[in-house]
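Visitor: the following block contains a protein sequence and its predicted model.
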Amino acid sequence: LERNDTISLTQLEANLTCCVCLNIFFKPINIDPCNHKCCYSCVLSWLQQNRFVGRCPQCRCTIMSVKLDPALNSIVETMLTMKPALRRSNEEVAMIEELEARNMREYQNLLQYSLTVDAFLPQPQSPWVP
């Protein structure tokens, strides 16, 4: 690689870095409405640490939705082909996937509890009902 190519790869790597773990994205997601990006496992961990209060880890705006970003993932895979040293080990991938599963189970349990508690709380009357 020439010097300019190295600078470009360095800039690309910086743009493909998660704001939470500071590594190259792993299963990158897009946060709506701010369009910030981070790893799927990182956003799950971030939400779990914050008791699933949906705030973006980068700008703290309210998260409306989180979606996997296949286009960005494709760019990450291309970068990893050019710089294989950035690729995570099989052990690290297994650990991340276990963390994802655990955080998702905790989130689902919290959601289930929330729905159960809400069912027993008195519901406000509609102002339109006589």
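Guide: Happy to help now that I have it.
Visitor: where along this structure do the helices fall?
Guide: Ranges of helices in the chain, per DSSP state H, are 3-15, 40-49, 70-82, 90-120.
Visitor: do you know which of the ones you listed lies nearest Cys61?
Guide: helix 40-49 (13.2 Å; CB to CB). The C-beta positions use only the backbone N, C-alpha and C, and glycine is treated the same way.
Visitor: direction-wise, compare that closest one with helix 70-82 and give the angle.
Guide: 120 degrees (axes from the mean of the first three to the mean of the last three CA atoms, to 10 degrees).
Visitor: what's the spacing between helix 40-49 and its chain's center?
Guide: The chain centroid and the centroid of helix 40-49 are separated by 6 Å under CA atoms, centre = their mean, to the nearest Å.
Visitor: for it, which residues meet the burial criterion?
Guide: Using 16 or more other CB atoms under 10 Å as the test for burial, helix 40-49 gives 40-48.
Visitor: what is it packed up against?
Guide: Helix 40-49 is packed against strand 28-32, strand 65-68, helix 90-120, with contacts defined by 3 or more CB pairs under 8 Å, 6 or more residues apart in numbering; DSSP states H and E.
Visitor: what's the average pLDDT for that helix?
Guide: If you average the pLDDT over helix 40-49, you get 85.
Visitor: what's the angle between it and strand 28-32?
Guide: Relative orientation of helix 40-49 and strand 28-32, computed by the same axes, to 10 degrees: 50 degrees.
Visitor: who touches helix 40-49?
Guide: Helix 40-49 is contacted from outside by 18, 20-21, 26-29, 31, 38, 53-54, 57, 66, 68, 96-97, 99-100, 103-104, 106-107, using CB atoms under 8 Å, 6 or more residues apart in numbering.
Visitor: and if you look at stretch 98-107?
Guide: By CB under 8 Å, 6+ apart, stretch 98-107 touches 40-41, 44-45, 47-48, 52.
Visitor: sweet, I'm off.
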